[in-house]
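Asks: I would like to see how this sequence folds:
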Amino acid sequence: MKKIFMPLFIILILVMSACGEDRSFIEDEYIVRNEAADQERDGRWEEVEGFLEMISEREVKTQRFYLYGSEPGFEKVPAVNFGYIPFYTNEELDIIEEIVPMANKNVRPGKMRAETKYIVIHNTGMASPVMTASRLSKSLQTSTRQASWHFTVDDREIYQELLLDEIGWHAGTPEGNNYGIGIEMAVYQGIDFNAAMRRTARLTAKLMLQYDLDLGDVKRHFDFSGKNCPQVLIESHRWEEFLGLVEMEYLGQKNFSDVTFIWESLTPAVLDNEGRVVSKSGEAASLRYRVRVILDGQERAYEFASLLKSLV
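Replies: Numbers count the residues shown, from 1 in each chain. Here you go, the predicted model:
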């Protein structure tokens, strides 16, 4: 009996020893995997923090500028930029389809683009208060002018009038028309022009990602035909500002679609939760705000302060 027991005891000890070694190996592998996951998560948080730094302008500019229209009495309409901070959210754009009937050959040439190389930015030359994106889209349905574009944008809505891969007549040259998507930004009296710029930038970035374009492919009508368009962005020296908004939207949509950003103004008398300066005093002020960021089930909060410059 002792002769049988002893070998079994020795085998049991060896098995237990082997299991212990396996468990140690598994635990070590688990630790390595978790350390790698932690490093990746930390890297993601660093990306988020860098993105937030891009948004949190240290100085928020204000300015007086003009909207331009062809209607009598609205040729040069004074406008004011009271300032804004581009609080980024990754919400989907709501695009209203109002595709022009195929029978209207003045607007729809009926040809498809062989390639998409550009996003071409325009602004309308109609500044009376009724010329909203909705009004412009409806007027395009029965237009007799040989002119067309793909999207009309204002501070509240986006309308689509041509199929996305269809050629439109908007850039003034075959290169711009045959290879470009045209976006018309409304410029009517009373528009929140900052909000219209931000909405146009979000649409532009969405199209850039869809067609694998970069910031250098975002063009002005002027870049093709020499026409002073988009006139408001050009005359007010806000084209570079617009490109900055496009870059922010592009990075946000590309890298942070899985991240939730919840913004809160800490100076609500001056700044609202959407980043708009609501005070119309034109006086310099400190803007303070907080953003809650949710990533992979974790939440972190960040606070920022910016100086709103006085309106002169």
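Asks: Which parts of the stretch 51-200 of the chain are strands?
Replies: 59-60, 63-68, 76-81, 95-97, 118-123, 151-153, 158-160, 180-185 (DSSP state E, counting those that start in this stretch).
Asks: Now distance to residue 136, mean neighbour count and mean pLDDT too, for the ones you listed, in a markdown table please.
Replies: Where you see a C-beta, it was placed from the backbone N, CA and C, and this is true even at glycine. Listed next are the strands of the stretch 51-200 of the chain as a markdown table, based on distance: least, C-beta to C-beta, whole Å; neighbours: other C-beta atoms under 10 Å; pLDDT from 0 to 100:
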| stretch | distance to residue 136 | mean neighbour count | mean pLDDT |
| --- | --- | --- | --- |
| strand 59-60 | 30 | 16 | 95 |
| strand 63-68 | 14 | 18 | 98 |
| strand 76-81 | 16 | 15 | 97 |
| strand 95-97 | 12 | 12 | 98 |
| strand 118-123 | 11 | 26 | 98 |
| strand 151-153 | 5 | 27 | 98 |
| strand 158-160 | 8 | 20 | 98 |
| strand 180-185 | 7 | 26 | 98 |
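Asks: how far away is residue 219 from residue 230?
Replies: Separation of residue 219 from residue 230 (C-beta to C-beta, to the nearest Å): 10 Å.
Asks: next one: residue 168
Replies: Per C-beta to C-beta, residue 168 is found 16 Å from residue 230.
Asks: Pick out whichever of residue 219 and residue 230 has more residues nearby.
Replies: residue 230 (27 against 17; other C-beta atoms under 10 Å).
Asks: quick one: contacts for the more buried one?
Replies: By C-beta atoms under 8 Å, 6 or more residues apart in numbering, the residues touching residue 230 are 121, 122, 123, 185, 220, 221, 222, 239.
Asks: Can you name the residues bridging to the first one?
Replies: Meaning residue 121. In this entry, residue 121 is beta-bridged to residue 183, residue 220, by DSSP bridges.
Asks: quick one: it and residue 207 touch, right?
Replies: No: Residue 121 is beyond contact range of residue 207, at 11.1 Å (criterion: C-beta atoms under 8 Å).
Asks: Spell out the residue ranges of the helices in this protein.
Replies: 2-55, 133-141, 174-179, 193-211, 222-225, 231-235, 239-255 (DSSP state H).
Asks: buried ones in the third one?
Replies: If I follow you right, that is helix 174-179. In terms of neighbour count (16 or more other C-beta atoms under 10 Å), helix 174-179 has its buried residues at 176, 177, 178, 179.
Asks: what's the overlap in contacts for residue 219 and residue 230?
Replies: Counting by C-beta under 8 Å, 6+ apart, the shared contacts of residue 219 and residue 230 are residue 121.
Asks: okay, and for the stretch 1-150 of the chain, where does confidence drop off?
Replies: Low-confidence segments of the stretch 1-150 of the chain (pLDDT under 70): 1-40.
Asks: Mind doing that once more with 50?
Replies: Low-confidence segments of the stretch 1-150 of the chain (pLDDT under 50): 1-21, 23-25, 27-33.
Asks: Of the strands of the stretch 51-200 of the chain, which is nearest residue 272?
Replies: Among these, strand 59-60 comes nearest to residue 272, with 13.4 Å by C-beta to C-beta.
Asks: can you list contacts of that closest one?
Replies: Contacts with strand 59-60, where a contact means C-beta under 8 Å, 6+ apart, come from 83, 84, 85, 277, 287, 306, 307, 308, 309.
Asks: Tell me which strands it pairs with, and in which orientation.
Replies: Partners of strand 59-60 in its sheet, by DSSP bridges: strand 298-308 (parallel).
Asks: Give me the buried stretch members for the partner strand, please.
Replies: Quick answer for strand 298-308 (16+ other C-beta under 10 Å): 304, 306, 308.
Asks: ok, now which ones touch the first one?
Replies: Under the criterion of C-beta under 8 Å, 6+ apart, the neighbours of residue 304 are 52, 56, 288, 289, 290, 291.
Asks: and if you look at residue 159?
Replies: 95, 96, 97, 98, 133, 134, 136, 137, 151, 152, 153.
Asks: Residue 93 contacts residue 202, correct?
Replies: Yes: if you go by C-beta under 8 Å, residue 93 and residue 202 touch, sitting 6.0 Å apart.
Asks: So between these two, which is more surrounded?
Replies: Neighbour count, other C-beta under 10 Å: between residue 93 and residue 202, residue 202 has more, with 26 against 12.
Asks: Give the closest residue to the more buried one in space, chain neighbours not counted.
Replies: Distance criterion C-beta to C-beta, 6 or more residues apart in numbering; nearest residue to residue 202, sequence neighbours excluded, is residue 249 at 4.8 Å.
Asks: cool, and residue 280?
Replies: residue 82 (6.0 Å).
Asks: For the one you found, grab the count of nearby residues.
Replies: 19.
Asks: I'd like the distance from it to residue 61, if you could.
Replies: 10 Å.
Asks: same deal with residue 118?
Replies: 28 Å.
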